[in-house]
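Engineer: I'd like to go over a predicted model; first the sequence, then the structure.
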Amino acid sequence: MKPRTPKSQGLAYKRLPRRALVLGGLQAAFIGGLAARMRFMQVDQADEYRLLAEENRINIRLIPPTRGRIYDRNGQVIGQNSPSYRIVIVREDAGDIDKVIAKLSNLIPLTEDEIERAKSEMRRSAPFLPVTLADQVTWEDISKIAVNAPALPGVTPEVGQTRQYPRYEDFAHIVGYVGPVSDYDLSQITDPEPVLRIPRFQIGKVGLEAKQEINLRGKAGSKRVEVNATGRVMRELDRQEGQPGADLQLSVDADLQQYAQARLAGESAAAVVIDCETGDLRAMASAPSFDPNLFVRGISVADYQILTQDKYRPLANKTVQGTYPPGSTFKMVTALAALEAGVVGPGSTVYCPGHLKVGARRFHCWKRGGHGMVDLNTSLKRSCDVYYYDVAIKVGIDKISEMARTLGLGVKHDIPMSAVRAGLAPNQEWKQRTHGEEWLIGDTANASIGQGFMLASPMQLAVMTARIATGRAVSPRLVRSVDGIEQPTGAGEPLGISRTNLEYIREAMWSVSNDRRGTAYRSRIIADDFRMAGKTGTSQVRNITKAERAAGVIRNEDLPWERRDHALFVSFAPYDNPKYAVAVVVEHGGGGSRAAAPVARDIMLQALYNGTPPLEAYPTADRERIKEQQKQLEGDRRPKARPDEKDRA
Amino acid sequence: MSYLEYAVKSTPSGFRKVLYMNWPLTLLLVSVASAGFLMLFSVAGGSWTPWAEPQMERFGLGLVVMFIIAMAPIWFWRNMSVLAYLGSIGLLIVVELFGTIGMGAQRWIDLGFMRLQPSEVMKVALVMVLAAYYDWLPAHKTSRPIWVIIPVLLILIPTFMVLRQPDLGTSILLLAAGGGLMFLAGVHWAYFAAVIAAGVGLVATVFNSRGTEWQLLKDYQFRRIDTFLDPSTDPLGAGYHITQSKIALGSGGWNGRGFMEGTQSRLNFLPEKHTDFIFTTLAEEFGFVGGITLLILYAMILIFCMVTALATKDRFSSLVTLGIALNFFLFFAVNMSMVMGLAPVVGVPLPMVSYGGSAMLVLMAAFGIVQSAHIHRPR
């Protein structure tokens, strides 16, 4: 380095302004750069950023639609939305959460589970977001909280809507119930509507609620809200109202349904009342039943176990889901098939010695001694089995099966209920296909009296009876109108069965319950305008061995319940101008004439008189007993206490 | 008006000093601070509390401090430089031992009425000690290695102490301000070339240290650099600040959304909207026009400082004024770069505008020295 002179010191001083200008220039350039950047962002790209800012602050919230209500045919409420109260807590406002919750649990019952769940939810969500502490709280508890509000900071009651079924057990099987959307539900739907993701949104789980979900749900509305960075709603910008779900009107008569349900009480049974003219299902009772409101609220494990462990299967909807061998109620089908095929006439007779040898096997008539000479009318009236073995073998299974389908057996009827079963009307091809075996002549004999492979649901039996009564392809209708729009009736086209043949069958059915020797004579209707025609059925659920037959068939009363015969009865009335067809199945009820026919008769009268029938409609000998029964049922049908008012107390 | 007094031979004394102050500079400071009050009023949702009012009180206090400092002769401040520097080092040690943890770093000492950030004080003290050093040093020794090492140490000691807090932003500012002052003092440019080369090497080392035991930066600082380089990778996490800040700034448009109408700041999408990101709110509500106005005000403050510095024949006065101006420039340049997405989020407030006690007080004290240099310049 070269030595510096004092002059160079002066030079260093001179260097200062120069360096200052260099640095100042750099600063100026940087400021210019900042200005250019600002211009680029705020002028050139302003629109882009403006859009991003809008996206930031505007949030679209869904407004859950009000679910459509369900009414019976007379406008009585079956499914409605009632306000449900829940208790929410806001962490931000509550301060000491534990203290507040402790105070709250002194006032109203809170389970450990509820508290734990709420606390863990609070840990996860923003402090200003309300967290549900207790759901489905009673009005009493809400008022307790309202009174003590000053001591409970951050605790507020919220009102929402929940499904409520004011008819309790009566419509559990028809209407089903709703419940909150589960992950499983979402996985079942390919493109779930956003509304399903609203917490606690209720959708139909079972029955009509599930099958008519689309109609009942409605369309969600939406509101645009301005939110801040943490998601708190600052204000509502605009809203678009949704469309409430459509109201449904059922074809069912709630009073008749209630009567039928009460009449079946104590049995494991099903009864279906169908309108012969329109196919309207007037009642579909399945006993025992359950309270659907329990499921809406979320049923407890204990309650659910009671329902699933009951051998009478209260959760099963026996009207459409239960399929039974139709037994002797099937004989009309066999007879019609034979008449239509022309293999028998109304006058042709068969001798019944009490059994018929078919191939190597002996097929027995229910009456050990036999019926002697029987013609068509007698065979139905007295339910002779041998007659049907004989004509069935003559006409063949395929024709019988075809007739069964014509009359609505073995085909699935399209009604919006869960687990509607098709039953079974087998033919040769069916056995070959499913069992890989040849159809045997013995199978035909079994099928001819509604045993063997033959299976039908109570609803199908009602449809069959209505079709025989009218000669038209009556099909069941459960929903009468959707949102006030009348749905097509199930009146149906003529079946194409000869009127005279149908008349023979109807006459024979008249004899069943009006001829002194008919199997259902004891359960007749004596009101002249409302004469009933019917057919009893007793279907075996066990094989009677040779040894047992030799020793004498064990009486039903001596068998354990689950091995007793099913009791069936189908009927229509009035005979001259059929209005209703009724089918009753009492599981393991014993004989059809004893266990099912009186029930069907009572329900039929209730329907015909549109209320409690006069005693004059009953046979004189029965009137005292019926009077007692009516009184007792009247007592059973008084309005029940609301269960949700009982608990939590 | 002081320009009218150029002819005055002697230094003014007594209350006459007030007339000789750099009044345009004072006026500029008041306008910038007023813009700050307005924005603090706005981000509080149209309320003087909790920010605007204390800020005004502090600015008032700051003005008093500035006047008092301006009254003392500049040579007094030159003599105080070493003391100020040592005092600041002492404060940095105190904050290291007893400091209050805030924002994950030890940065301030709670004095009760205000929170003192020693690193802020150090910014001015460093400039003062370097200016005094070069005023004392014969000019021909300026570029000799031994005389270069001393100011380098003077810079590096506080820089590392601040980095340990850890306050990356302030330590970079200290380094840049110190380096700038050495440049102004006339140190040979080759040193700067060498330092820049070494700096590049250091950056590489820092990045290489990531994930090792001797990691030089905290994880969050690395993440901030990451998200600065690519904010879109984590729009709701670490990149959130930059993304939201850019959205707010850009959405302001030409003339802004209007006073108190900025949705981004109103709805809390902006982080630290009253401190580091206050410029974003200003740009959102007053748009490009508002932003450029503030930038021009800042530039004018720099220009007036430059004029003061070049007009005086006193080497300490020149250097300290330019150094303080450089500090001021670095403050707003880094802050604005940060909110515009040009620099990582390092936590540097916007001078005179951001809410914050000690930064403003220290700045006002620094401008007091500038004023003193102006008043007591040799004529």
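Structural biologist: Great, that's in hand. If you're wondering where the values come from, they're calculated on a predicted model, not measured in any experiment. Numbers count the residues shown, from 1 in each chain, chains lettered A, B, ... in the order given.
Engineer: kindly report the domain assignment for chain A.
Structural biologist: What automatic domain parsing lists as the domains of chain A is A:56-76+A:167-250, A:81-163, A:254-636.
Engineer: just those domains: most buried one?
Structural biologist: Greatest average neighbour count among the domains of chain A goes to domain A:254-636 (a mean of 20), per mean count of other Cβ atoms under 10 Å in any protein chain shown. In short, each C-beta sits where N, CA and C put it, glycine included.
Engineer: coming back round to it: just so I know, which of the domains of chain A lies nearest B:A299?
Structural biologist: Each of these was checked against B:A299 via Cβ to Cβ, and the shortest separation belongs to domain A:56-76+A:167-250, namely 32.3 Å.
Engineer: and whatever residue of the stretch 301-450 of chain A ends up closest to chain B, how far from A:F290?
Structural biologist: The nearest approach of the stretch 301-450 of chain A to chain B comes at A:V301, 40.1 Å away (Cβ to the nearest Cβ). Computed with Cβ to Cβ, to the nearest Å, the distance linking A:V301 and A:F290 is 15 Å.
Engineer: specify the local secondary structure of A:G204.
Structural biologist: The three-state label for A:G204, taken from DSSP: H, G, I helix; E, B strand; the rest coil, comes out as strand.
Engineer: so where do the strands sit in the stretch 251-400 of chain A?
Structural biologist: A:269-275, A:281-287, A:350-352, A:355-358, A:361-364, A:372-374 (DSSP state E, counting those that start in this stretch).
Engineer: pull the distance from the fourth one to the chain's centre.
Structural biologist: Meaning strand A:355-358. Strand A:355-358 has its C-alpha centroid displaced from the chain centroid by 44 Å (Cα atoms, centre = their mean, to the nearest Å).
Engineer: elements contacting that strand?
Structural biologist: Using 3 or more Cβ pairs under 8 Å, 6 or more residues apart in numbering or on different chains; DSSP states H and E as the contact criterion, the secondary-structure elements in contact with strand A:355-358 are strand A:361-364, helix A:385-395, helix A:441-448.
Engineer: tell me which of these sits nearest to A:V181.
Structural biologist: Checking the helices and strands packed on strand A:355-358 against A:V181 by Cβ to Cβ gives helix A:441-448 as the closest, at 45.3 Å.
Engineer: which residue would be the closest one in the stretch 151-300 of chain B to chain A?
Structural biologist: Of all residues in the stretch 151-300 of chain B, the one sitting closest to chain A is B:G250 (2.6 Å; Cβ to the nearest Cβ).
Engineer: quick one, what contacts the residue nearest the centre of chain B?
Structural biologist: In chain B, the residue lying closest to the centroid (Cα atoms, centre = their mean) is B:F331, at 3.8 Å. For B:F331, the contact set (Cβ atoms under 8 Å, 6 or more residues apart in numbering or on different chains) comprises B:173, B:348-351, B:363.
Engineer: what about it, which SS state?
Structural biologist: helix.
Engineer: which stretch of helix or strand covers the nearest residue to B:V82 once chain neighbours are set aside?
Structural biologist: Take B:V82 and drop its neighbours on the chain: the residue closest to it by Cβ to Cβ, 6 or more residues apart in numbering or on different chains is B:V129, 6.1 Å away. When secondary structure is defined by DSSP states H and E, B:V129 falls within helix B:118-136.
Engineer: that helix - contacts with which helices or strands?
Structural biologist: For helix B:118-136, the packing partners by 3+ Cβ pairs under 8 Å, 6+ apart come out as helix B:74-98, strand B:105-110, helix B:145-163, helix B:168-185, helix B:315-339, helix B:357-375.
Engineer: pick out the shakiest of these, pLDDT-wise.
Structural biologist: Within these, the least confident segment by mean pLDDT turns out to be strand B:105-110, at a mean of 64.
Engineer: hmm, back to that, where's the residue nearest to B:V82 relative to chain A, distance?
Structural biologist: Spatial separation of B:V129 from chain A under the definition Cβ to the nearest Cβ, to the nearest Å is 18 Å.
Engineer: just list what the longest helix along chain B packs against, helices and strands only.
Structural biologist: For chain B, the helix reaching the highest residue count under DSSP state H is reported as helix B:278-311. In terms of contacts (3+ Cβ pairs under 8 Å, 6+ apart), helix B:278-311 is packed against helix A:6-39, helix B:23-43, helix B:240-251, helix B:263-266, helix B:315-339, helix B:357-375.
Engineer: how about the ones you listed in TSV, adding distance to A:R516?
Structural biologist: What follows is the helices and strands packed on helix B:278-311, written out as TSV (distance: least, Cβ to Cβ, whole Å):
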stretch	distance to A:R516
helix A:6-39	108
helix B:23-43	99
helix B:240-251	92
helix B:263-266	91
helix B:315-339	104
helix B:357-375	112
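Engineer: returning to what we had before: quick check: buried residues in the longest helix of chain B?
Structural biologist: Neighbour-count burial for helix B:278-311 flags B:278-288, B:290-292, B:294-295, B:297-311 (criterion: 16 or more other Cβ atoms under 10 Å in any protein chain shown).
Engineer: now the residue of the stretch 151-300 of chain B closest to chain A, nearest residue through space, not along the chain?
Structural biologist: Excluding the flanking residues, the one nearest B:G250 by Cβ to Cβ, 6+ apart is A:Y49, at 2.6 Å.
Engineer: test my guess that A:T156 contacts A:A94.
Structural biologist: No - with contacts counted by Cβ atoms under 8 Å, A:T156 stays clear of A:A94, the gap being 10.2 Å.
Engineer: can you list the weak-confidence ranges in the stretch 101-250 of chain A?
Structural biologist: Counting by pLDDT under 70, the stretch 101-250 of chain A shows low-confidence ranges at A:126, A:191, A:229-231.
Engineer: if we can go back for a sec, tell me the confidence at the residue of the stretch 301-450 of chain A closest to chain B?
Structural biologist: Confidence per residue is given as pLDDT, and for A:V301 that number is 87.
Engineer: and the gap between it and A:D291?
Structural biologist: Relative to A:D291, A:V301 is positioned 16 Å away (criterion: Cβ to Cβ).
Engineer: can you pull out the strands in the stretch 1-150 of chain A?
Structural biologist: Counting by DSSP E, counting those that start in this stretch, residue ranges of the strands within the stretch 1-150 of chain A are A:58-63, A:70-71, A:77-90, A:130-137.
Engineer: packing partners for the third one?
Structural biologist: If I follow you right, that is strand A:77-90. strand A:70-71, helix A:97-107, strand A:130-137, helix A:139-147, strand A:155-164.
Engineer: which among those is found nearest to chain B?
Structural biologist: With distances scored as Cβ to the nearest Cβ, the stretch of the helices and strands packed on strand A:77-90 nearest to chain B is strand A:130-137 (19.4 Å).
Engineer: what are the pairing partners of that closest one, and which direction each?
Structural biologist: Strand A:130-137 sits in its sheet next to strand A:77-90 (antiparallel), going by DSSP bridges.
Engineer: mind checking how far the partner strand is from the chain centre?
Structural biologist: 22 Å.
Engineer: ok, B:I303 - contacts?
Structural biologist: B:I303 makes no contacts at all, as judged by Cβ under 8 Å, 6+ apart.
Engineer: B:M336 too?
Structural biologist: Per Cβ under 8 Å, 6+ apart, neighbours of B:M336: A:34, B:279, B:295, B:342, B:350.
Engineer: which member of those residues is positioned nearest A:Q212?
Structural biologist: Proximity of the contacts of B:M336 to A:Q212 was ranked by Cβ to Cβ; the top entry is B:F279 with 59.2 Å.
Engineer: and the stretch 201-350 of chain B, which residues reach chain A?
Structural biologist: For the stretch 201-350 of chain B, the residues found near chain A under the criterion Cβ under 8 Å from any Cβ of the partner chain are B:244, B:246-254, B:263-264, B:266-270, B:283, B:287-288, B:291-292, B:295, B:298-299, B:302, B:306, B:309-310, B:315, B:318-319, B:322, B:326, B:329, B:333, B:336-337, B:340, B:342.
Engineer: now the longest helix of chain B: mean pLDDT?
Structural biologist: Mean pLDDT, computed over helix B:278-311, is 92.
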